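[1] fold the following.
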Amino acid sequence: MSSYLDIIWVLVCSVLVFLMQAGFAMLEAGLTRAKNAGNIIMKNIMDYCVGSLVFWAIGFGIMYGRSAGGIVGIPQLFDSSSYEAAGTLPSMVFLMYSTVFCSTATTIVSGAMAERTKFKSYMIYSAVMSGLIYPISGHWIWNPSGWLNNLGFHDFAGGTAVHVVGGTAAFIGALTVGARIGKFGKNGKAKAIPGHNLLISALGIFILWVGWFGFNGGSAVLSEGFNPEMLGNVFFNTNVSAAACVAATMFITCARYGKPDISMTLNGALAGLVAITCGCDVMTPFGALATGIIAAFVLVFGIELVNKLKVDDPVGAVSVHGMCGAAGTILTGIFSTENGLLYTGRFDGIITQLLGALTVAAWTAAAMGIVFVLIKKTVGIRVSAESEIAGLDRSEHGIVGIYSDWGGAMQLSADTAPQGSVRTIDDTTELSPSDYKTDGRLRKVVVITNPSKFEIMKNALDKLDVTGMTVTNVSGCGIQKGSTEYYRGAEFESHLLPKIKVEIVISTVPLGLLVDTLKKVLYMGKVGDGKIFVYDVENVIKIRTGAQGSSALE
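    Alright, predicted model coming up:
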């Protein structure tokens, strides 16, 4: 029987690892757009809840149950047996600690697939990941009879078991669901889609950093009981790797991009924490320092590689968890004081670590590839273009946005329209520019409409060579019949809804063509489609050159 100190410490660490769910939610929400923040919060809390139930129902037995050939445990439904891997800990304490680890692996994928994935499809993924994918590879590594465990593969706290699994699943998920609208231009070059709140992301990083002391610290007790010396080494190595990775990431991004990148530097803390997770118990502080620095290079160049592969990962989950987790696993075979290359001169350790990381990544990629394709072919995996543009808070959960009083909740991006998707009044006819003539007069056209329609409108105007415009977030009066919204079961009574005001000045573009195009793309036949105002303009003066009239618009 474990001492009371061991039991209490593992339970405290379980709470710290659970707290990491809040960190992931804040990080992901901040690095994505406000119109999807509510959806992200829902995914993160449901990851934990679905994962807790499914892992208890079947995953725990698959992971730690009696082994069938070192490949998979023989499960018992709603298992809470006392298994060898638990050591002397009470079975329920070990089950609780294992549960929070499972939810961490599962939630990694949420960020990579953010802003365009159906909520119900994501819930299916979460259940399969928690009940099958993660437990099987976890069985190989942490079950005393697992085949990788018997080979001498070392993964102290989940560098491969949690992070390579989660990062690989994130890559397959992002690849399957496809990029967000407007992430890649016509030339294939990645475009920035900034997150809406770096402050929230920074808060998430600090929460994760705190939680990681429980993530790695709890495994120390499982390994050797409450050993203060080992625990101190684990804590210090964890902190050194994260700090080194943050500093190195700052310098690398400054050298590559001219200025230190804030979001990547924040990611650097997470990358350093992930990289040290595998070997924090067997490295010296200098090994941890080197691991953090190397992880910074893996992070930055990994994010660039993912972009070049045209895989859209809004939060960098593939690079942070998949690549840095694998790098840390391999570096354990180099810096481990027990069997690392630098200390023994032998390659045995690094070969075993490399084999473990590759086989777990291959298993996860194959299994999740099948899962995501099946989801795509059955219930569908991606929301419609219209839903994506409006935001998943509205389309998946029926709310305007989590920032109900902030007009800026509807973020706009001028280059994120779905190519070629123009809504038509009558799809059997097309507007022909040759049918319209310009009179050369200066006119100002003002459009007030729903924010969700901006990007479709912008795409249509680009085809008319109308690229100059002013866009303002405004508020409009009244909830119209047929568009009632609900919050916590109660009907909204607000009389101000977010709108956008688009102002365009033209001279060479035919007014009739512009107005008909706007009517065509904005029409849905419902109250709230918007209004178009046309004004005569006496003159336009360009301040820089002094040009006037039509010349000032060029």
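[2] give me the element the residue nearest the centre of the chain is part of.
    In the chain, the residue lying closest to the centroid (C-alpha atoms, centre = their mean) is residue 111, at 1.3 Å. For residue 111, the element it lies in under DSSP states H and E is helix 91-112.
[3] which strands or helices does that helix pack on?
    helix 4-31, helix 37-54, helix 60-64, helix 119-128, helix 134-142, helix 165-177, helix 198-224, helix 317 (3 or more C-beta pairs under 8 Å, 6 or more residues apart in numbering; DSSP states H and E). (C-beta placed from N, C-alpha, C; glycine too.)
[4] how far does it sit from the chain's center?
    17 Å (C-alpha atoms, centre = their mean, to the nearest Å).
[5] repeat for stretch 305-325
    The answer for stretch 305-325 is 10 Å, by C-alpha atoms, centre = their mean.
[6] how about residue 502, secondary structure?
    strand (DSSP: H, G, I helix; E, B strand; the rest coil).
[7] list the contacts of it.
    With C-beta atoms under 8 Å, 6 or more residues apart in numbering as the criterion, the residues that contact residue 502 are 446-449, 454, 457, 469-471.
[8] and residue 444, that's in a strand?
    Yes: the assignment for residue 444, made by three-state DSSP, places it in a strand.
[9] hmm, it is touching residue 505, no?
    Yes: the pair residue 444 and residue 505 passes the contact test of C-beta atoms under 8 Å, sitting 5.1 Å apart.
[10] which other residues reach stretch 82-96?
    Counting by C-beta under 8 Å, 6+ apart, 1-2, 6-7, 10-11, 14, 56, 60, 64-65, 80-81, 97, 142-144, 222 sit against stretch 82-96.
[11] relative to the whole chain's centre, how far out is that stretch?
    The answer for stretch 82-96 is 32 Å, by C-alpha atoms, centre = their mean.
[12] now do the end-to-end distance for it.
    Stretch 82-96 has an end-to-end distance of 12 Å (criterion: C-alpha to C-alpha, to the nearest Å).
[13] pull out the buried positions in that stretch.
    83, 85-86, 89-90, 93-96 (16 or more other C-beta atoms under 10 Å).
[14] need the residues you listed in TSV (columns: distance to residue 70 and pLDDT).
    Formatted as TSV, the buried residues of stretch 82-96 follow (distance: C-beta to C-beta, whole Å; pLDDT from 0 to 100):
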residue	distance to residue 70	pLDDT
83	15	87
85	14	88
86	19	86
89	23	90
90	26	92
93	26	94
94	20	95
95	22	96
96	26	96
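[15] nearest to residue 397 among these?
    residue 96 (30.0 Å; C-beta to C-beta).
[16] from residue 279, how far out is that closest one?
    25 Å (C-beta to C-beta, to the nearest Å).
[17] quick check: phi and psi on residue 184?
    phi -120, psi 130 (degrees, to the nearest 10).
[18] look up the residues forming beta bridges with it.
    Note on residue 184: beta-bridge partners residue 190, judged by DSSP bridges.
[19] doesn't residue 192 make contact with it?
    No: look at residue 184 against residue 192 with C-beta under 8 Å: they stay out of range, at 11.4 Å.
[20] which of the two has more neighbours?
    residue 184 (16 against 9; other C-beta atoms under 10 Å).
[21] distance of residue 28 relative to residue 362?
    Applying C-beta to C-beta to residue 28 and residue 362 gives a distance of 27 Å.
[22] where do the helices sit along the stretch 401-550 of the chain?
    Listed in chain order, the helices found in the stretch 401-550 of the chain under DSSP state H, counting those that start in this stretch are 454-463, 511-522.
[23] helices and strands around the shortest one, which ones?
    Contact here means 3+ C-beta pairs under 8 Å, 6+ apart; on that basis helix 454-463 packs against strand 496-506, helix 511-522.
[24] figure out which of the ones you listed is closest to residue 212.
    strand 496-506 (38.3 Å).
[25] what strands line up against the closest one, and which way round?
    For strand 496-506, pairing defined by DSSP bridges yields strand 443-449 (antiparallel), strand 470-477 (antiparallel).
[26] how distant is that strand from the center of its chain?
    31 Å.
[27] that strand vs helix 511-522, what angle?
    Here strand 496-506 runs at 150 degrees with respect to helix 511-522, directions being taken by axes from the mean of the first three to the mean of the last three C-alpha atoms, to 10 degrees.
[28] pull out the buried residues from strand 496-506.
    Buried-residue list, strand 496-506, by 16+ other C-beta under 10 Å: 497-502, 504-506.
[29] what is the orientation angle of that strand with helix 454-463?
    10 degrees.
[30] just the mean pLDDT for strand 496-506, thanks.
    Mean pLDDT, strand 496-506: 84.
[31] grab the nearest non-local neighbour of residue 68.
    residue 74 (5.9 Å; C-beta to C-beta, 6 or more residues apart in numbering).
[32] again with residue 67
    residue 145 (3.6 Å).
[33] so how far is stretch 546-554 off the chain centroid?
    Distance, centroid of stretch 546-554 to centroid of chain: 45 Å (C-alpha atoms, centre = their mean).
[34] rounded mean pLDDT for it, please.
    84.
[35] show residues contacting it.
    440, 442, 468, 505-508, 539-542, 545.
[36] give me that answer again for 6 Å
    Identification of contacts with stretch 546-554 by C-beta atoms under 6 Å, 6 or more residues apart in numbering yields 507, 539-542.
[37] quick one, which of these are buried?
    Using 16+ other C-beta under 10 Å as the threshold, 507, 540 are the buried ones among those.
[38] closest one of the contacts of stretch 546-554 to residue 151?
    residue 542 (71.7 Å).
[39] OK, contacts around that closest one?
    Contacts of residue 542 (C-beta under 6 Å, 6+ apart): residue 552.
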